[in-house]
Every structure is written in structure tokens, then in C-alpha cells.
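In: Need a 3D model of the following:
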Amino acid sequence: MSRAPGDGMNPLRVIRRRVPDTAPIPVQRPDPQNQRVAAVIPAKDEEERIAATVRAVRAIPHVDLVLVVDDGSEDDTQHLARGAGAVVVRHSHNRGKASAMETGAAVVAMRDVEAGPARLLLFVDADLGATAVNAAPLVPPVLAGKADLSIAVLPKQPGAAGRGIVTGLARRAIQRATGWAPMQPLSGQRCMTRAAFDAATPLAHGWGVETGMTMDTLLQGFAVVEVPCDLRHRASGKDLAGQLHRAAQYRDVAMAVAARKFRHYKQKVTREASSESDAAGEPQPPLPPDGQNLSETPASAGEPAPTVSKRRWRSRRR
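Out: Numbers count the residues shown, from 1 in each chain. Below you'll find the predicted structure:
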């Protein structure tokens, strides 16, 4: 009997990928009692649910700032969010989820106390409504320093019509790159440290942002954990709009994965070229005097003539 990825696994198992000693030194965590959390909510035409989402997120412990990034909405999203108690910033036109997340994180950084610790970032989708308060379990693992990034694992959503194609693509890509197969790689409900967020920037475009973020943080030595959360959002159906949405997801995830493969290859080529140039720059033995045979010099007696090896490029099959 086949088993779905993640079945029988402890969702609270922290994943950390080992990195070389040149990895960034972890920042000392502040006292959890003094650590504040900023909730960032990217939103596009969410006037039906944004107010309930904001009110629910404000009830999460340690959250002292709720920031809604209105990504070019054409409805009353910004006014309803502000009326519910959120700080609202607005894009004049739709720039995509990744851009909204980066804008939100930048605004939070400007509101952080200069001499104090940076706020943790809690990213929440705008369509969660009253269930957004159930994102609270994402905060403690990061607050306690057990993880740098926590990802919500949602229950099966009513009305969801996807067949897992995009999820499978993202899961396999993350597993090939890091060795870890997440249960829900596309989950957008995440809590993370400022250092982990900075490591993942620039964020991947569009719907590939979550896949790219997970790969980038793990590959740089940050710890990631999945946490079950009873959250409910608007699921995409079987209609044309739902199919177009899933097609856009597949495109963006594939682009995010391809970009990271190219970046990894480019870094590998740069490292190998650097090592070859260092080898070529090693000091060579002094030349013998004019008219003297190389084999007659004391330094080279009984030693083979030096040769320069040429490195062959081999394509790696994945």
C-alpha cells in the first residue's frame, strides 16, 4: 500500500540542513517575553473576509502589529482592513504576492525599534477569515528558537479540486535540493525570523514564493518545521478560474525551481573556476641557468616533470 508523503511522520520534527562552516553565525535570540510579532497580510480584492482576518490575527499572542498590503485591489479592501485595526499600505497596481510580502517586511523593519530585536514575521493569507487566529501555533517554535521558519499544515479544504500536481512538483524539487519532503510545500501561512526572511530574498515570483523560500532557507542552514493549524481558506474549484489558477501556480513554481537550479550551477562554476585559478597561481620552481639541463638541477633530480591537469566538465543527471 502506497503512503502519501508525510504520512506517519511527526509534523513537529525540525529540519535543518547542514552547511559548511562559512554559513552565517546564528543571531542571539532575545527574551521570548519581549519578542514581538508582526502579522503581514497580502490582500487583493478581499473585502468579504479581510476585516474578519485582521480581527482574528490581532488576537494571536505576541502580535503587536497587523499590516495589510493592499496589492492593487479594486474593491474596499483597504478601508475595511484599516477599520478593523490594521496598518494598511497600498500598491497602486497589482504586483503579485511576493512583492506584497517584501513591501510588508520592509514596512515592518521601519517600525521596529532601532535598539531592540527585530519583529518576527507572521505571513497570513487574507481569505482565512475568523480561522486566522488558529495560526497562533506557528509562533512558539520560532519564538523559542527551535526553528527559524514554521510552516502551517492545513486540514483538507472543502471544495478543493486540485489533484496535487503542483504540490508534487514543489515537494519533489525541495526534496531533491535539500533532502526533505514537506507535507504542504505551498502553504502560505508562515512565521519566520528576520534573518531567515532576508536569506530568502529576493523572493521568487508569484505563486513560486513559498517553494523558493523553503529551498533558500534550508540551503543556507536555517531550521524549518511544519506545524498543524486548523485554518480554512477559499479553495480553488473545478471551474475555469480554478484551472487557470492552478496553471499559474505550476508555471511560477517551475520558474522558481529553475531559477534556483541555475543559481546553484552558476555558483558551482564560479567555485571551480576560482579553485583552478588558485591552482594556476601557485609559485613555480625556479628555471635552471642557461645551458643547464633540467634533470641536472638538484631540486628536480628524481622528480617527475610538473604537469597541469585539466578539469573536465560533466553534466550532472538529476
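
In: Quick one: residues contacting Tyr96.
Out: To be clear, residue 96 is Gly; Tyr isn't right here. Counting by CB atoms under 8 Å, 6 or more residues apart in numbering, Gly96 touches 71, 205-206. C-betas here are computed from N, CA, C, even on glycine.

In: Among the residues you listed, which one has the most neighbours?
Out: Within those, most neighbours by other CB atoms under 10 Å means Asp71, with 25 neighbours.

In: Just confirm it contacts Met101, I think it does.
Out: No - here Asp71 does not reach Met101: they are 9.8 Å apart, not a contact under CB atoms under 8 Å.

In: okay, and the common contacts of those two?
Out: What both Asp71 and Met101 touch, as defined by CB under 8 Å, 6+ apart, is the set Pro42.

In: Where does pLDDT dip in the protein?
Out: 1-32, 158-162, 235-238, 242, 245, 264-318 (pLDDT under 70).

In: Which parts of it are helices?
Out: Residue ranges of the helices in the chain, as given by DSSP state H, are 50-58, 77-83, 97-111, 139-143, 165-178, 194-200, 209-219, 240-280.

In: Show residues contacting the fourth one.
Out: Spelled out, that is helix 139-143. 12, 14, 32, 35, 37, 60-63, 120, 122, 147-150, 191-193, 225, 227.

In: among these, which ones are buried?
Out: Among these, those buried by neighbour count (16 or more other CB atoms under 10 Å) are 35, 37, 60, 62-63, 120, 122, 147-150, 191-193, 225, 227.

In: mind listing which of these are in strands?
Out: 37, 63, 120, 122, 149-150, 191-192, 225, 227 (DSSP state E).

In: from those residues, which two are the most distant?
Out: Val63 and Val225 (19.3 Å; CB to CB).

In: Now do the buried residues in stretch 180-198.
Out: Neighbour-count burial for stretch 180-198 flags 180, 182-194, 196-197 (criterion: 16+ other CB under 10 Å).

In: can you tell me the distance between the two ends of that stretch?
Out: 21 Å (CA to CA, to the nearest Å).

In: try stretch 169-185
Out: One end of stretch 169-185 to the other measures 9 Å (CA to CA).

In: do stretch 106-117 as well
Out: 15 Å.

In: Contacts for that stretch, please.
Out: In contact with stretch 106-117 (CB under 8 Å, 6+ apart) are residues 30, 34-36, 38, 40, 65, 67, 69, 87, 89, 118-119, 121, 194.

In: let's go with 10 Å and repeat that
Out: For stretch 106-117, the external contacting residues (CB atoms under 10 Å, 6 or more residues apart in numbering) are 27-31, 34-40, 64-65, 67, 69, 87, 89, 118-121, 193-194, 197-198.

In: Of the residues you listed, grab the buried ones for PyMOL.
Out: Buried members of these can be picked out in PyMOL with the line below, counting by 16+ other CB under 10 Å:
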select buried, resi 35+36+37+38+39+40+65+67+69+87+89+118+119+120+121+193+194+197
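
In: CA atoms of stretch 239-257 as CSV?
Out: Taking Å, rounded to 0.1, in the frame of the first residue of the first chain, the C-alpha atoms of stretch 239-257 are listed here in CSV:
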residue,chain,number,x,y,z
ASP,A,239,-14.3,25.9,-13.0
LEU,A,240,-12.2,27.8,-15.5
ALA,A,241,-10.9,30.2,-12.9
GLY,A,242,-9.7,27.4,-10.7
GLN,A,243,-7.9,25.7,-13.6
LEU,A,244,-6.2,28.9,-14.6
HIS,A,245,-5.1,29.5,-11.0
ARG,A,246,-3.5,26.1,-10.8
ALA,A,247,-1.8,26.6,-14.2
ALA,A,248,-0.4,29.8,-13.0
GLN,A,249,0.8,28.1,-9.8
TYR,A,250,2.6,25.4,-11.8
ARG,A,251,4.2,28.0,-14.0
ASP,A,252,5.5,30.0,-11.1
VAL,A,253,6.7,27.1,-9.1
ALA,A,254,8.6,25.7,-12.1
MET,A,255,10.2,29.1,-12.7
ALA,A,256,11.3,29.3,-9.0
VAL,A,257,12.8,25.9,-9.1
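
In: Flag every buried residue along it.
Out: So for stretch 239-257, counting by 16+ other CB under 10 Å, buried means 242, 245-246, 249-250, 252-257.
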